[in-house]
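Q: show me the folded form of this:
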Amino acid sequence: MASLTQQLRQQSQANPTTAASPAFLLPNDQPSSSKNHITYNECWQIVDRHQRWLMQMIHHHVVDIADRTSPLNNSSIIQHNPPPSKVKDVVVGYLVDNSPDLLLSILGCIDLTTTCNDETTTILPAMINVRWTPLEMKRALSSSLSTNNNDGQYNNSRYDGIDDDQRSHATIILYGRSYEDTAKEAVRLMNDDGRIQHFATALLLPELSNDTASDINTATSATSHQQPNDISNKDALILFTSGTSSPNGAKGVRLSHRSLYVQAWAKTQPPCNYSKETSMVATTVPWFHVGGVSSAFGVLMGRGCLVFPRGIWKGFKPENVIRALLPSSTSSSNTVNCGYRVSHDGADTLVVVPAMLHAIFELMATRPNDSVQSYPNVRLILVGGQSIGSGRLLQQTRRCFPNARIVQTYACTEAGSSITFHDMGYKQSDSTDDEIGVDGAACVGLPPSHVETGIFDPQTISMMNDTTKTTTTIRPIQNGKMGIIGTRGTHTMSGYWNRGGTDQQQCQNVHEWMFTNDLGYIHPRTGKLYFCGRANDVIRTGGESVLATEVEKVIGLHNDIVECVVFALPDAKFGEAAKY
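A: This next block holds a predicted model:
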């Protein structure tokens with residue numbers, strides 16, 4: 001079965017015109033003679049180079065772990081032979097800001113999960129949150145064997161009878177230039193843990209895309225890749241949750257090739273419609289978040305273009321976004337000086353969270369004399385993370401981007417990205433009365449064709465999580481009633497990552513339904529999903545249950561309130577009371 005990488009490659013190379021079109025637009029930070037874009041043909045050659053380099057590093061370091069007397073076999077590197085079986089798994093962790101080389105290296109590593117893995121050794125890429133401390137990185141990437149039991153002693157009982165050398169784990173952290181100290185300190189912490197055989201190293205991610213002008217043949221890649229007939233269901237990528245619902249911090253989510261593929265494909269369908277006309281700003285949502293990396297894959301699947309604005313790419317910068325939105329004719333009469341040396345009319349697609357829109361508008365407010373105060377070239381704004389609402393922020397967005405279709409998405413890491421899309425249209429009048437929820441609920445729209453949604457009784461779910469009662473049939477409750485949001489389909493995760501463990505923990509997964517721990521209801525007439533808040537956002541006060549989102553919505557009606565968060569604190573009189 002084909003990997004996600006193989007499928008994306010085959011689709012882009014099927015059309016000679018697409019193969020020669022830009023996949024990346026780059027800033028003008030290099031001499032005027034160099035190229036400022038990377039074509040799809042060049043992309044796949046860079047992917048191959050990253051893949052060969054990865055295999056070289058994996059063999060070099062893993063062979064050293066498994067057998068320090070074994071010479072490096074260069075022929076096995078080229079043939080993509082699997083690493084020595086004495087190593088249980090090899091995790092390639094990416095600690096890098098969004099960049100062309102990050103995405104192309106990820107695609108190379110994702111491909112290795114189907115071409116290199118054997119019965120005893122696996123290779124798997126993992127996206128690391130660049131905001132983590134070295135200790136948080138160590139906790140996320142270390143084996144479950146490093147966890148103490150209740151007595152503070154290392155528990156090795158479930159691995160009795162398995163040779164130690166069969167339980168070795170290898171981690172290679174590929175870091176960007178800004179993260180060398182963090183990566184090396186995380187590696188030191190992992191290697192200093194003597195309770196397990198976990199070997200880690202940190203390497204600088206090579207910037208192979210810089211060689212496109214000199215070393216890469218612009219003709220179609222000669223590498224042979226058979227046309228895929230089906231997408232593999234093997235694990236392709238680990239993404240970590242925020243950790244807000246887990247006492248042990250971030251949980252690793254195992255997403256398959258199929259999950260990544262169908263969720264990227266969904267963005268090429270209505271209402272997002274990623275296509276060859278799409279040019280998306282690539283530095284808004286970091287790719288260690290599922291929405292960011294899924295949108296990047298979606299642009300490549302639609303054969304569009306990822307735009308990297310001039311400036312530092314370290315995190316979200318509103319000034320960089322504005323630069324990317326400016327057409328070349330507006331920013332300069334000379335296309336070289338505007339940052340691009342191919343025809344560029346300004347990026348037309350934004351993937352953001354509401355806080356990013358606030359930051360863009362705050363920056364624009366400090367520049368009232370700028371000649372450009374709106375961006376009619378923007379055609380799509382995909383909003384995730386939380387609701388954009390129906391108040392001031394939405395109105396500002398409509399004014400700044402008068403021709404943009406606004407799409408609200410409801411997503412989670414365990415679902416591989418979006419569960420539903422809410423098409424809010426191009427203007428305020430596109431909204432209808434039935435999209436205004438009651439009790440603070442936000443309409444998050446309809447699922448794509450491969451996604452099924454349902455609402456479930458929380459008490460039933462609690463009972464189903466009891467392993468003694470798993471034979472009970474579970475069914476969604478009636479539309480219009482509030483409960484736990486569930487989803488099922490090929491998009492859901494394979495399970496949580498339990499490195500070194502034998503169990504494959506599922507996310508409250510019963511009868512193929514994955515439960516989100518979010519409250520919502522389905523409109524009985526339109527079938528649209530409404531998000532009411534997290535299940536643990538219910539404030540139990542004076543014998544009543546009050547949703548934090550209800551209080552937030554009322555407070556947000558005040559003209560001077562931009563954002564508001566409500567939470568519960570213990571109260572001697574009422575049990576809990578809302579604080580903000």
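Q: can you name the next helix or strand after the helix or strand of the chain with the lowest mean pLDDT?
A: Confidence across the helices and strands of the chain bottoms out at helix 74-78, with a mean of 39, counting by mean pLDDT, DSSP states H and E. Tracing the chain past helix 74-78, the next element assigned as helix or strand by DSSP states H and E is strand 87-95.
Q: neighbouring strands for that next one, and are they parallel or not?
A: Sheet pairing for strand 87-95, assigned by DSSP bridges, gives strand 122-127 (parallel), strand 168-175 (parallel).
Q: which of those strands sits closest to residue 485?
A: Distances from residue 485 to each of the strands paired with strand 87-95 were compared using Cβ to Cβ; the minimum, 24.5 Å, belongs to strand 122-127. Any C-beta I mention is one placed from the backbone N, CA and C, and that applies to glycine too.
Q: other residues contacting the closest one?
A: Residues external to strand 122-127 that are found in contact with it (Cβ atoms under 8 Å, 6 or more residues apart in numbering): 58, 82-83, 88-94, 106, 109-110, 112-113, 116-117, 141, 235-240, 252, 287-288, 293.
Q: kindly format the C-alpha coordinates of it as PDB.
A: Backbone C-alpha positions of strand 122-127 (Å, rounded to 0.1, in the frame of the first residue of the first chain) are rendered in PDB as follows:
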ATOM      1  CA  THR A 122      10.000   0.900  13.200                       C
ATOM      2  CA  ILE A 123      10.800   4.400  12.100                       C
ATOM      3  CA  LEU A 124       8.300   7.100  13.000                       C
ATOM      4  CA  PRO A 125       8.500  11.000  12.700                       C
ATOM      5  CA  ALA A 126       7.200  13.100  15.600                       C
ATOM      6  CA  MET A 127       6.400  16.800  15.700                       C
END
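Q: distance from it to the middle of the chain?
A: Here strand 122-127 shows a centroid-to-chain-centroid distance of 14 Å under the convention Cα atoms, centre = their mean, to the nearest Å.
Q: what do you get for stretch 473-487?
A: Using Cα atoms, centre = their mean, the distance from the centre of stretch 473-487 to the centre of the chain it belongs to is 27 Å.
Q: buried set for it?
A: Neighbour-count burial for stretch 473-487, counted by 16 or more other Cβ atoms under 10 Å, picks out 474, 476, 477, 482, 483, 484, 485, 486, 487.
Q: next, format those as JSON lines and append distance to residue 20.
A: Formatted as JSON lines, the entries for the buried residues of stretch 473-487 read as follows, by distance: Cβ to Cβ, whole Å:
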{"residue": "474", "distance to residue 20": "52"}
{"residue": "476", "distance to residue 20": "48"}
{"residue": "477", "distance to residue 20": "53"}
{"residue": "482", "distance to residue 20": "52"}
{"residue": "483", "distance to residue 20": "51"}
{"residue": "484", "distance to residue 20": "49"}
{"residue": "485", "distance to residue 20": "44"}
{"residue": "486", "distance to residue 20": "45"}
{"residue": "487", "distance to residue 20": "39"}
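Q: residue 361 reaches residue 396, doesn't it?
A: Yes. Using Cβ atoms under 8 Å, residue 361 is in contact with residue 396, at 5.1 Å.
Q: in this structure, spot the helix with the most residues.
A: Within the chain, and with DSSP state H defining each element, the longest helix by residue count is helix 40-66.
Q: so which elements touch that one?
A: Judged by 3 or more Cβ pairs under 8 Å, 6 or more residues apart in numbering; DSSP states H and E, the packing partners of helix 40-66 are helix 4-13, helix 16-19, strand 22-25, helix 74-78, strand 87-95, helix 100-115, strand 168-175, strand 198-204.
Q: any chance of the ones you listed in JSON lines, plus distance to residue 187?
A: Formatted as JSON lines, the entries for these read as follows, by distance: least, Cβ to Cβ, whole Å:
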{"stretch": "helix 4-13", "distance to residue 187": "27"}
{"stretch": "helix 16-19", "distance to residue 187": "39"}
{"stretch": "strand 22-25", "distance to residue 187": "30"}
{"stretch": "helix 74-78", "distance to residue 187": "23"}
{"stretch": "strand 87-95", "distance to residue 187": "10"}
{"stretch": "helix 100-115", "distance to residue 187": "18"}
{"stretch": "strand 168-175", "distance to residue 187": "6"}
{"stretch": "strand 198-204", "distance to residue 187": "4"}
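Q: phi, psi of residue 487?
A: phi -150, psi 150 (degrees, to the nearest 10).
Q: contacting residues for it?
A: Contacts of residue 487 were listed using Cβ under 8 Å, 6+ apart, and they are 415, 419, 447, 451, 452, 453, 454, 513, 514, 516.
Q: how close does it sit to residue 112?
A: When distance is defined by Cβ to Cβ, to the nearest Å, residue 487 is 29 Å away from residue 112.
Q: kindly report the same for residue 480.
A: According to Cβ to Cβ, residue 480 and residue 112 sit 48 Å apart.
Q: circling back to that earlier point, comparing the helices and strands packed on helix 40-66, which yields the minimum mean pLDDT?
A: Sorting these by mean pLDDT places helix 74-78 lowest, at a mean of 39.
Q: circling back: so which of the helices and strands packed on helix 40-66 is nearest residue 494?
A: When these are ranked by distance to residue 494, counting by Cβ to Cβ, first place goes to helix 100-115 at 11.8 Å.
Q: ok so, going back, tell me which of the contacts of residue 487 fall in strands.
A: With strands identified by DSSP state E, the entries of the contacts of residue 487 that belong to them are 419, 452, 453, 454, 513, 514, 516.
Q: pretty sure the first one is in contact with residue 411, am I right?
A: Yes. Because the distance of 6.0 Å satisfies Cβ under 8 Å, residue 419 is recorded as touching residue 411.
Q: between these two, point out the one with more neighbours.
A: Regarding residue 419 and residue 411, a neighbour count based on other Cβ atoms under 10 Å identifies residue 419 as having more, with 32 against 21.
Q: which residues touch that one?
A: Going by Cβ under 8 Å, 6+ apart, the list of residues near residue 419 reads 410, 411, 412, 444, 447, 451, 453, 485, 487, 491, 516, 529.
Q: list only those of the residues you listed flagged as buried.
A: Neighbour counting by 16+ other Cβ under 10 Å classes 410, 411, 412, 444, 447, 451, 453, 485, 487, 491, 516, 529 among these as buried.
Q: and the first one, its phi and psi?
A: Dihedral pair for residue 410: phi -110, psi 120, per degrees, to the nearest 10.
Q: my guess is it contacts residue 444. True?
A: Yes. The pair residue 410 and residue 444 qualifies as a contact (Cβ under 8 Å) at a distance of 3.6 Å.
Q: please enumerate the shared neighbours of these two.
A: Applying Cβ under 8 Å, 6+ apart, one finds that residue 410 and residue 444 are jointly contacted by 419, 420, 422, 529, 531.
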